[in-house]
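1. prediction below, plus the sequence it came from.
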Amino acid sequence: MKFSQKLSDNMSFLQKTLQAETNFDVVYRVIHIGGREACLYFIDGFTKDEVLLRLIQAFTAMKPEDMPKEAHGFSKKYLPYGEVGLITDSDSMIVQLLMGISCLFIDGYDSCLTIDCRTYPARGVSEPDKDKVMRGSRDGFVETLIFNTALIRRRIRDPKLSMEIMTAGESSHTDIAICYMNGRVDTHLLNMIKDRIRELHVDALTMNQESLAECIYPHKWYNPFPKFKFSERPDTTAASILEGSIIILVDNSPSAMILPSSVFDIIEEADDYYFPPITGTYLRLSRMIISLLTLLLTPTWLLLMQNPQYIPKWLEFIRLSDEMHVALIFQLLILEFAIDGLRLAAVNTPSMLTTPLSVIAGIVLGEYSVKSGWFNSETMLYMAFVTVANYSQASFELGYALKFMRIILLVLTSIFNFWGFAAGLILSVCAIVFNKTIAGKSYIYPLIPFSWSECKKRFFRGRLPHTLKDQS
């Protein structure tokens, strides 16, 4: 619908559409500007009150002879605030109003003047709880999109950095920012991502980035290994942009989606680069080895317990020291689910009770569960190592992918013994090898296809380039 030159017609339409009498946060103020009646619409809590106050004071001081004939002239001359626009379509105006932009209607003008003086409720840019580093920046993304883009701009002061804005969701109209470096990004992949976002037909991105990720890459949902890397750190995100990656920021989400991402990209962390090359290499290799141990430790121990004749003498100590009342496979599976239950309980426990309840849970699941006969002490030890080792890498998705593969490996080993263990290993390897990034490339490059120079970069942290001459 196009707006009318009569203010009364426009107000009648908006009063009905916005339900201004019912919605207490939809505020409108009727004022006089240069002898004409005008109405200002805005959403309470989304505007800078001091800016609106100064504008209204300037409007009320205007005289009839000061009024331009067209809305365009008025916006040029009497709206000194930087972000000002003209809208003639009611649908676009309503979307912008609900996004927090103030809208001004003046009798005699058939256009709506938009004034962007938004301010969103936001928390501080403190370090994320999950993505912490031992050394480095202590800021993190928040739920406000403009704050997140500013944190990236602060680190990359280059005009080649592009941040395109898009929207998705018929009801939510969620803002999506696509960040990349011109000249370094894969343009084919970039165009493909843009096309997929434009073609989205969803009511709302209820789960923010996860909803968007499932929409733009819906294939092979049964493969648990993550297709994207998520980071709440601006420094990690900025480094990925400089390496040619595409970053997707979604409003109301405090993390960046980095793509394309291989398994080596997901395993990498900021600490690898905040320490000297030797220390960074050690941290990276340790994380990779520990990730493999979380997958193979308990299934290998179960296999040896089922075939004690193959245990070498130097590993005799891994045998069960006490009588077994519950089959090992059931002990391991119960602990797998119990650990997840404790993790969920910790998330939903009030912070003041987290420490005492953790102590109680540790005592009950530790000493008393062994004494009761439900679990053997060796089972508790190995599962405790696996649980702690899962926290050595920041990606929740990768941790749960390894967990699912570990459970499958345990079940197959318990049922089919050596053949089950081999089948489980083959299944786990195939799940990684045949997985693809969103760009359609190998998930484990540079191993497949093999590239020795890239392998050295993935496994060993080299010296960072200091000058452009060094990079060449």
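-> Yep, it's here.

2. can you name the element that comes right after the helix of greatest length in the chain?
-> Assignment by DSSP state H gives helix 396-433 as the longest helix of the chain. Per DSSP states H and E, helix 396-433 leads on to helix 452-459 as the next helix or strand towards the C-terminus.

3. in that following helix, which residues are buried?
-> Arg458 (16 or more other Cβ atoms under 10 Å). In this view, the C-beta of every residue, glycine as well, is placed from N, C-alpha and C.

4. helices or strands up against that helix?
-> helix 277-306 (3 or more Cβ pairs under 8 Å, 6 or more residues apart in numbering; DSSP states H and E).

5. the longest helix of the chain to helix 277-306, inter-axis angle?
-> 70 degrees (axes from the mean of the first three to the mean of the last three Cα atoms, to 10 degrees).

6. roughly how far apart are Phe459 and Met288?
-> Distance, Phe459 to Met288, by Cβ to Cβ, to the nearest Å: 8 Å.

7. and Asn23, how close does it get to Ala122?
-> Taking Cβ to Cβ, one finds Asn23 at 23 Å from Ala122.

8. what about the helices in the stretch 151-300 of the chain?
-> Counting by DSSP state H, counting those that start in this stretch, the stretch 151-300 of the chain has helices at residues 187-198, 209-216, 234-242, 263-267, 271-274, 277-306.

9. what pLDDT is listed against the residue nearest to the spatial centre of the chain?
-> For the chain, Ser255 is the residue whose C-alpha lies nearest the centre (Cα atoms, centre = their mean; 3.4 Å). Looking at Ser255, its pLDDT reads 92.

10. ok, the residue nearest to Ser453 when sequence neighbours are not counted - contacts?
-> Take Ser453 and drop its neighbours on the chain: the residue closest to it by Cβ to Cβ, 6 or more residues apart in numbering is Pro446, 8.0 Å away. Counting by Cβ atoms under 8 Å, 6 or more residues apart in numbering, Pro446 touches 452-455, 458.

11. same thing but at 7 Å, please
-> Counting by Cβ atoms under 7 Å, 6 or more residues apart in numbering, Pro446 makes contact with 454-455, 458.

12. I'd like the residues you listed as a markdown table, with pLDDT appended.
-> Formatted as a markdown table, those follow (pLDDT from 0 to 100):
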| residue | pLDDT |
| --- | --- |
| Glu454 | 86 |
| Cys455 | 89 |
| Arg458 | 87 |
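
13. near the residue lying closest to Asp272 once chain neighbours are set aside, how many other residues are there?
-> Leaving aside its chain neighbours, Asp272 sits nearest to Gly280 (4.4 Å; criterion: Cβ to Cβ, 6+ apart). Gly280 is flanked by 19 other residues according to other Cβ atoms under 10 Å.

14. now Phe147
-> 17.

15. SS state for it?
-> helix (DSSP: H, G, I helix; E, B strand; the rest coil).

16. which parts of this protein are strands?
-> 26-33, 36-43, 84-87, 102-106, 112-115, 161-168, 174-181, 229-231, 246-250, 256-259 (DSSP state E).

17. quick check: which ranges of the stretch 1-150 of the chain have low pLDDT?
-> 82 (pLDDT under 70).

18. let me see the ranges of the helices in it.
-> 7-18, 49-60, 71-78, 90-98, 145-153.

19. buried stuff in the first one?
-> The one in question is helix 7-18. For helix 7-18, by 16+ other Cβ under 10 Å, it's 7, 10-11, 14, 18.

20. and these as JSON lines, adding distance to Leu296?
-> Output for those, formatted as JSON lines (distance: Cβ to Cβ, whole Å):
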{"residue": "Leu7", "distance to Leu296": "73"}
{"residue": "Asn10", "distance to Leu296": "68"}
{"residue": "Met11", "distance to Leu296": "69"}
{"residue": "Leu14", "distance to Leu296": "64"}
{"residue": "Leu18", "distance to Leu296": "60"}
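
21. out of the residues you listed, who's nearest Cys112?
-> Taking Cβ to Cβ as the measure, Cys112 lies nearest Asn10 of those, at 7.9 Å.

22. if we can go back for a sec, pick out the most distant pair among the buried residues of helix 7-18.
-> Most distant of these, by Cβ to Cβ, are Leu7 and Leu18, 15.5 Å apart.

23. buried residues in stretch 140-155, which are they?
-> Result for stretch 140-155 [16+ other Cβ under 10 Å]: buried residues 140-145, 147-149, 151-152, 155.

24. what does that stretch rub up against?
-> With Cβ under 7 Å, 6+ apart as the criterion, stretch 140-155 contacts 120, 122-123, 125-128, 139, 163, 175, 177, 179, 232-235, 237-238, 249, 251-256.

25. which among these count as buried?
-> Using 16+ other Cβ under 10 Å, the buried ones in the contacts of stretch 140-155 are 120, 125, 128, 139, 163, 175, 177, 179, 232-235, 237-238, 249, 251, 253-256.

26. what about Leu302, how many residues close to it?
-> Using other Cβ under 10 Å: Leu302 sits among 22 other residues.

27. quick one, what contacts it?
-> So, once contact is read as Cβ under 7 Å, 6+ apart, Leu302 ends up touching 328-329, 332, 410, 413-414.

28. please repeat the previous calculation with a cut-off of 10 Å.
-> Residues near Leu302 by Cβ atoms under 10 Å, 6 or more residues apart in numbering: 328-329, 331-332, 379, 382, 409-410, 413-414, 417, 421.

29. now Leu412: how far from Ala422?
-> 9 Å.

30. which one's more surrounded, these two?
-> More crowded of Leu412 and Ala422, by other Cβ under 10 Å: Leu412, with 19 against 14.

31. let me see the confidence value for the residue nearest to the more buried one when sequence neighbours are not counted.
-> Distance criterion Cβ to Cβ, 6+ apart; nearest residue to Leu412, sequence neighbours excluded, is Gly420 at 3.5 Å. With respect to pLDDT, Gly420 scores 95.

32. same thing with the one 3 residues further on?
-> Ala423 carries a pLDDT value of 96.

33. over to the one 10 residues further on?
-> With respect to pLDDT, Val433 has a value of 91.

34. the one 10 residues further on too?
-> Tyr443 carries a pLDDT value of 91.

35. kindly report the same for Tyr368.
-> 63.

36. repeat that for His188.
-> Confidence score, pLDDT, at His188: 94.

37. surely it touches Lys441?
-> No: here His188 does not reach Lys441: they are 11.6 Å apart, not a contact under Cβ atoms under 10 Å.

38. looking at the two, which one has more neighbours?
-> Using other Cβ under 10 Å as the criterion, His188 and Lys441 rank with Lys441 on top: 13 against 10.

39. hmm, Ser262 and the more buried one touching each other?
-> Yes: using Cβ under 10 Å, Lys441 is in contact with Ser262, at 7.8 Å.

40. tell me how many other residues crowd Thr167.
-> 16.

41. surely it is in contact with Val202?
-> No: with contacts defined as Cβ under 10 Å, Thr167 does not count as touching Val202, sitting 11.3 Å away.

42. and the chain, what are its domain boundaries?
-> 7-115, 145-261, 274-433 (automatic domain parsing).

43. same list (those domains) but as TSV, adding distance to Lys132.
-> Below are these laid out as TSV (distance: least, Cβ to Cβ, whole Å):
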stretch	distance to Lys132
domain 7-115	32
domain 145-261	9
domain 274-433	8
